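[1] sequence first, then the predicted structure, then my questions.
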Amino acid sequence: MVTEIKGFKVLPLKIPNSSVESYIFFKKHEVKLAGDSESRSIFFCNLPIASTTKVLKKFFQNIAIGATMESFTASYLTDSAEDVFLDLSKLTSDLDIPSEVDESSAKLPKNCGIVTFIDKSAFQLAMNKLKSLSSGYKVVEWPLEANSFGSQYFLGKYHSQVLDVETLSNSVSQALIDFDKAEKDSIEHLSNQRELVDEDGFTLVVGPQRKTKAGILGQQKSAIAKAESQKAQAKMKKKQKEDFYRFQLREKKKEEMNELLRKFKADQEKVRAMSDKKRFRPY
Amino acid sequence: MGKRSSVTSGHAKPRVSAAAAVDTAGSSSKPVHDSRESESEQESESDEEKPQKISHPPSKKQRKQISAQEIQVARETAELFKSNIFKLQIDELIKEVKLKDANIDKIEKVLHKLHDLIRMIPATENLTLEELEARFTSKKVVIPFPDPKPSKVNYKFSYLPPEDVSLVGSFGLKTGVSQNHGMSVDMILTMPKELFQPKDYLNYRALYKRAFYLAYLTDHLIPLTKKHNLPVKISYQYFNDDILYPCLTIESIKTDNPDDLCFHKTKFSIKLIVGLPFGVFENKKLMPNKNCIRIQSDSEELPPTPLYNSSILSSTAFDYYLKYLYTSKKATESFKDACRLGKIWLNQRGFSGSVNKGGFGHFEFAVLMSALLHGGGLNGNKILLHGFSSYQLFKGTIKYLATMDLSSGYLSFSSLIGENIASKFNPNEGFNVPTIFDKNLKLNILWKMTSYSYNLLKHDAIQTLELLNDVVKDRFDPILLHNSNHDQLRYDMLLNITIPDDLIEQFGPLEKITFLTFENFIMNKLYVILKMALGDRATQVVVKLEKFQNVFAIHKRKINSQTNNFIIGLMFNPDECEKLVTKGPDNDDHEEEVIKFRNFWGAKASLRRFKNGTIQNCVVWSIKESEPVTLSIIKYSLDHHLYKDISSNISTELPAFNKKLPIPLLPSGSNQPVISTSSFANLKTSFESLTRAISKLSLPLSVKSMFPASSSLRYTSTLQPVPFAVSNPDFWNEVILQFESSAKWPDELFALEKVKSAFLLKTLDELHKETAYKAFITQDDTIPFNSHITILRVLTPEGFGFKIRVLTERDETMYLRAVSNADKQKARAQDIYLKFNQKYIGVVKHSRTVSTLSHHFPFYSPTVRLFKIWLDSHLLLSHFSEELVELIALKPFVDPAPYSVPHSVENGFLRILEFLASWNWKDTSLILDLVKNDVGGDSYNELDSETFNKLSDKLTIQTQQMIEDNFTKIRKNDPTGIKTQFFIGSKDDPSGILWSNELTLPIASRLTALARSATEIIRSSGVNEINLNLLFVPVLQDYDFIIDIKSHKLSTSAGVLPSNSFKNLINNQTFFPDDIASKYDLTQAYIDDLNRKFGNVIIFSSHSYSFLNNDGHNIITGLFVPATLTKKKFRVNFGINLKPVQDSKDKDTEEVIINKESILDQIRLLGGDLISEVKIKG
């Protein structure tokens, strides 16, 4: 029996209506910059579906009474088809807006979670219990409610999409207040900077952030736009004579011919490739 | 007018000559490059041709003479890259189809031997018929006398050695091309003149003599070949399917004797044809309008016997025409290659010189080309010039076929060599049969053609001409490489009709001498009736035998009976074919016409008063369950005019295809034509009133526009929109709302979404205050990581649902900024941007384009709906964006070559499958020109089409090239199509990946595989109802597990008439349920959740429209992604449910493996009471 893998303890579980074992992998969560002197969190990997705070609370109640949880941080990716989390707010603005995005949730891989306990002793209690279950290879019941899924669950999903007007309107106004404030702060900060003359006598140039889309979708310029710009160029060029000197004429002709030859060769190449693929079999 | 240009690139060795030769009409010039044949190039001005050869490099002086105009031509040449490449492709093709020299040597050896053997046959003279009968009683050889068999004759039969033995046909002319079903060499034996008397052309006499000659020849040839080591099988064959003209076909038998001369490997067979001596009869007696079969008849004048006359006349002229064509070949360098091109072109379209294959083959093509080299215009002006390249000769001939009507007018030419008599086109003087008349021989070269085969040829020529004129795309493939002789794909409707034997009573002696065979008679009759009955509804009516046998054993006199089964192929005019009324003449018009109309339609004819006050004779049709009007008309008219109750002998699969479309639960649901869009129109009206209502609201910013963005609003949704049908997955119609522009939108994505939400809240408030619309706001998660999007859902009193999302001018900037800031996650951020582009920008353009095209192609809407149903039946639809599906389905409509635009659901659907089966998406992009086009119309006017091209917003070469470059760039990085499979570019989306970005390789491959097996089934066993149903049965054995979902009866609330139920027993919905979600399909939420939780491990598939299946039964299938199944070292970020590898030997293993059982148990747990059973493979 494997009870430990790469420093992770293995805990076999049984989910309702299942005959096989599932496994979670856990270890003490080391936080380097934690305010506390020592961590009181456990990192879980490979959690079963629908592992919510409620389920985990119940789980610890079942296996270690007294190990009271403070919080459970689930990964944003667990119920998402994506494999990395992107914070579009951060990517579109450098304003310091109060964010709903929890940094640690965003960093956690899919199906992982961190349980933080109320105090050191609760943590120790839970950890010891888990370790003993793991090394004893005890299969533990995972406290999911079997009948909480199915049609009611999915109907609930449909219902939850509908937003309450009042709540929405409150959250919208709060968010906009936050945004306005952040924007104001930022503008103030910027204007301070602009006025700031550094030791070489320069001031900061602040430009708007606008990007183009050509890189993503390939060339987008339509033929018309191209023709327009060519027309403008042609107009410019009209003023300077291009066929005045003989050498100009000669050069031009030579260029034309080379171009012709190049295209012809390219065509030959293309046809050769096609014939290599045995394309010219009419039947 | 093009000018000659001979320009070389000074120092470079391989010189290029850009010959901008004059096009046939001089309107557009097609320059042709030719590096192979030295620097020769010919050009022609007006009527005179001046072939010039420049064998030495141009001197300095010459080089200087290049004028600005010549450079212009050269530049055009470069731009019209297609013609360069076209020429090169022609060269390749001709190389490919060239007969192998080894085979030619071999066959020539055989021919020599055969020639020697024929010379050994002894002569015999003056046998009476009785003597013949006595002589040929043996079971071995029977004289192949044509019907009627001679009884008493007062002339004698003789065999004298042939006057001449020579090779004719394409082999004789050395223009043969290799064909996969084998080639035949035509060898002609000309009977000596002294065997005939001047009157022998009458009453089959010459034919009887010839039949004896052939039998006698056969009788001697058999022992001779055996004796001289030429093991062959000899049978009779009707030459060109002409039952008056038996000839011998000689095939090699494989033996083990090394002395034997076997040629089976060459795939050649030899046709021994007995010809009549040239000029033996007075040619003008055999003119098409003369009668040469005298029978007893009540009528004063006997009808002409054109088939009989032409058969005799043409059999005197094999050698003669060979010489004529040979002269043309000598005079025109490229004649040979052009003949080959013509032959391939005709072959690919199923044409040949045989009566049953259209009666227009290599010979006719070559003669036409020769005639056009000597004139052909209205004043005898030359259509083709001797200096033309093969491409120009080919194009000129095709153009002639496309633009000149040889039925209402005719082309006359003279085959007399050396006299140089101009060929002339005589408009409006035609004989209503296709005619190219040889003045010298008094023969109509097209005598084997019928009106319908000519119409079809013309139709094909028009299409090919359009393709040849296309300067944007390389059209070589559909013109010459693609076989388009597949009835199912070619015709909009195919009918099978069995003719009862009784009908032979109508085939009297007069019909016999005109039509020769019962089959010809019936085919003509069918054509005449259907042409009259269908009128403008059909553009092509083609009749043919289901199968024709033309080879028979030498101990038989003839083939006793051909099949009774006929095939009728129809192409429709989409604007007319589904009309419910056939209009006739005004009542006060000529009485004659009124009587004619009434006689034709019998009891069905009626008088109607129309809105504009006219009183017209007409016939009114009604729609009977998925049977198109055209079919009703055909059945009625054939019953009425051909044979009582013959309609029960007519079968067609078209209604079966129409029946596959679900019947909407609407008051008039089941008796609408298949192209009716009235249900969509109701939705559109509802949308428009909503737009008006919202525009009137007082909002902080006024509404600039509301764009329709759902499939139902562009006529392409799987189900027709039905009021209050909330279970329809397409019930909610996407709408993109734009407010007038403002600079105040926040410069951060989430805040921007919040402001949009504030606007929607305001709109909601105002809507409730001011109007009767019901509305609510929901959260939206279509854009990953942007969970702040909200949409406004509106229920209209008419019973439709709209979901409105807001687009601002700031949005795109935001997403693009995210991309540029994304750093390592750039690819992911780009996907998000594409998703945004799809949902907010692309969909608007797409909807606009597709709804225009849906109007233009009436059969597009039902076809794309059927295609979606097919995809859904194979559990594939949910893997494609709807827009992608619609673009694929547009292919046969906007780019139908080499067929024409489909005008029936059957044809459209099969053509989509055909395209998918043959689309090699790893190598080729699909670039669609999404504009209305008129390709395939049966009238062609160069001027019109040119102005049209200028005015239209068709793709230009530059745009086309740019899109192609985008494809090349993508494939350079991803040659095997792991990331990008389908590249579908258009003016709306030059990137080509907007709609296919989320597709995956397994799904793309599966689509191709399914389409291939579907087309395979159709090609091998045709279409019938069983096969058709088979096409819609999903293949389930490939999946790892299948979850059976308990069935939910949702069809009524989705607006679909459940199968096996009666319309009158089901009430239409007239109100919304209190809780709309209660009528949603929960399976979709389940799948959605599964994809979120396990989508990285398993590919889930299911039906989106489960209620279209028999019992509303849905399944979810799962396929484990192979890469996830392997053992791997433990890491925390796999995101897969894992278990440690239990290995007894090595306790400290770090390996883990996917915990399939646990995953399945969790899936089961999640589904709960939705699931009835889970089946696991193996």
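    Looks like it arrived, so ask away. Numbers count the residues shown, from 1 in each chain, chains lettered A, B, ... in the order given.

[2] help me confirm that residue B:465 is found in a strand?
    No: secondary structure of residue B:465 (DSSP: H, G, I helix; E, B strand; the rest coil): helix, not part of a strand.

[3] pLDDT weak spots in the stretch 51-200 of chain A?
    Where the stretch 51-200 of chain A drops to pLDDT under 70, the residues are A:193-194.

[4] please enumerate the strands of it.
    A:69-74, A:113-117, A:140-141 (DSSP state E, counting those that start in this stretch).

[5] highest mean neighbour count out of these?
    strand A:113-117 (a mean of 22; mean count of other C-beta atoms under 10 Å in any protein chain shown). Every C-beta, even on glycine, is put in place using the N, C-alpha and C of the backbone.

[6] okay, which residue is most central for chain B?
    residue B:899 (2.7 Å; C-alpha atoms, centre = their mean).

[7] mind checking pLDDT for it?
    pLDDT, residue B:899: 90.

[8] what's the answer for residue A:204, then?
    63.

[9] what of residue B:215?
    Confidence score, pLDDT, at residue B:215: 88.

[10] can I see the domain layout of chain B?
    B:18-79, B:676-821, B:1039-1176 (automatic domain parsing).

[11] output those as a markdown table; include the columns mean pLDDT and distance to chain A.
    Formatted as a markdown table, the domains of chain B follow (pLDDT from 0 to 100; distance: least, C-beta to the nearest C-beta, whole Å):
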| stretch | mean pLDDT | distance to chain A |
| --- | --- | --- |
| domain B:18-79 | 40 | 5 |
| domain B:676-821 | 91 | 4 |
| domain B:1039-1176 | 84 | 2 |
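
[12] in JSON lines: those, plus mean neighbour count.
    Shown next, in JSON lines, are the domains of chain B (neighbours: other C-beta atoms under 10 Å in any protein chain shown):
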{"stretch": "domain B:18-79", "mean neighbour count": "16"}
{"stretch": "domain B:676-821", "mean neighbour count": "20"}
{"stretch": "domain B:1039-1176", "mean neighbour count": "18"}
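
[13] out of the ones you listed, the one nearest residue A:132 is which?
    Of all those, it is domain B:1039-1176 that lies closest to residue A:132, at 18.3 Å by C-beta to C-beta.

[14] starting at the chain centroid, how far to that closest one?
    39 Å (C-alpha atoms, centre = their mean, to the nearest Å).

[15] now do that domain: distance from first to last residue.
    9 Å (C-alpha to C-alpha, to the nearest Å).

[16] how about the residue in chain A that chain B sits nearest to, nearest residue that isn't a chain neighbour?
    As assessed by C-beta to the nearest C-beta, chain B sits closest to residue A:150 within chain A, at 2.3 Å. Excluding the flanking residues, the one nearest residue A:150 by C-beta to C-beta, 6 or more residues apart in numbering or on different chains is residue B:1168, at 2.3 Å.

[17] correct me, but the one you found touches residue A:147?
    Yes: the criterion here is C-beta atoms under 8 Å, and residue B:1168 meets it with residue A:147 at 6.8 Å.

[18] so for residue B:350, which of the strands of the stretch 51-200 of chain A sits nearest?
    Among the strands of the stretch 51-200 of chain A, strand A:69-74 sits nearest to residue B:350 (C-beta to C-beta), with 66.3 Å.

[19] ok now that closest one, how far from the chain's centre?
    With C-alpha atoms, centre = their mean, you get 22 Å for strand A:69-74.

[20] need the contact partners of it.
    Here strand A:69-74 makes contact (C-beta atoms under 8 Å, 6 or more residues apart in numbering or on different chains) with A:40, A:51-53, A:56-57, A:60, A:102, A:104-105, A:108, A:113-118, A:122.

[21] so residue B:738 makes contact with residue B:702?
    No: taking contacts as C-beta under 8 Å, residue B:738 lies outside contact range of residue B:702: 10.6 Å.

[22] so residue B:1158, which of the three states?
    Per three-state DSSP, residue B:1158 ends up helix.

[23] hmm, it is touching residue A:18, no?
    Yes: the criterion here is C-beta under 8 Å, and residue B:1158 meets it with residue A:18 at 7.0 Å.

[24] ranges for the helices of the stretch 1-150 of chain A?
    Listed in chain order, the helices of the stretch 1-150 of chain A (DSSP state H, counting those that start in this stretch) span A:53-63, A:88-92, A:103-107, A:120-135.

[25] of all those helices, which one is nearest residue B:714?
    helix A:88-92 (30.0 Å).

[26] for chain A, what are the nearby residues on the stretch 351-500 of chain B?
    B:480-481, B:483 (C-beta under 8 Å from any C-beta of the partner chain).

[27] nearest to residue B:789, of these?
    Nearest member of those to residue B:789, counting by C-beta to C-beta, is residue B:481, at 49.3 Å.

[28] burial of the closest one, as a residue count?
    Residue B:481: 18 surrounding residues under other C-beta atoms under 10 Å in any protein chain shown.

[29] quick one: contacts for it?
    Contacts of residue B:481 (C-beta under 8 Å, 6+ apart): A:279-282, B:93, B:348.

[30] who's in contact with residue B:1011?
    Neighbours of residue B:1011 in contact, by C-beta under 8 Å, 6+ apart: B:913-914, B:916-917.

[31] from those, list the buried ones, please.
    Burial by neighbour count, 16 or more other C-beta atoms under 10 Å in any protein chain shown: within the contacts of residue B:1011 this picks out B:913-914, B:916-917.

[32] could I get these in TSV, plus columns for secondary structure, distance to residue B:164 and pLDDT?
    Putting those into TSV (DSSP: H, G, I helix; E, B strand; the rest coil; distance: C-beta to C-beta, whole Å; pLDDT from 0 to 100) gives the following:
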residue	secondary structure	distance to residue B:164	pLDDT
B:913	helix	53	94
B:914	helix	48	93
B:916	helix	55	94
B:917	helix	51	93
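
[33] these: which two are farthest apart?
    Top of the distance list for those (C-beta to C-beta): B:914 and B:916, 7.4 Å.

[34] quick one: distance of stretch B:310-321 to the chain centre.
    For stretch B:310-321, the distance to the chain centre is 36 Å (C-alpha atoms, centre = their mean).

[35] quick check: buried residues in that stretch?
    B:310-321.

[36] return the member of the residues you listed nearest to chain A.
    residue B:321 (26.0 Å).

[37] rewinding a little: tell me which of the helices of the stretch 1-150 of chain A sits nearest to residue B:794.
    Among the helices of the stretch 1-150 of chain A, helix A:88-92 sits nearest to residue B:794 (C-beta to C-beta), with 27.5 Å.

[38] does chain B sit close to the closest one?
    Yes: residues of helix A:88-92 are located near chain B by C-beta under 8 Å from any C-beta, namely A:88-89, A:91-92.

[39] contacts for that helix, please.
    A:97, A:99, A:101, B:747-750, B:785-786, B:814-815, B:817-818, B:821-822, B:829, B:832.
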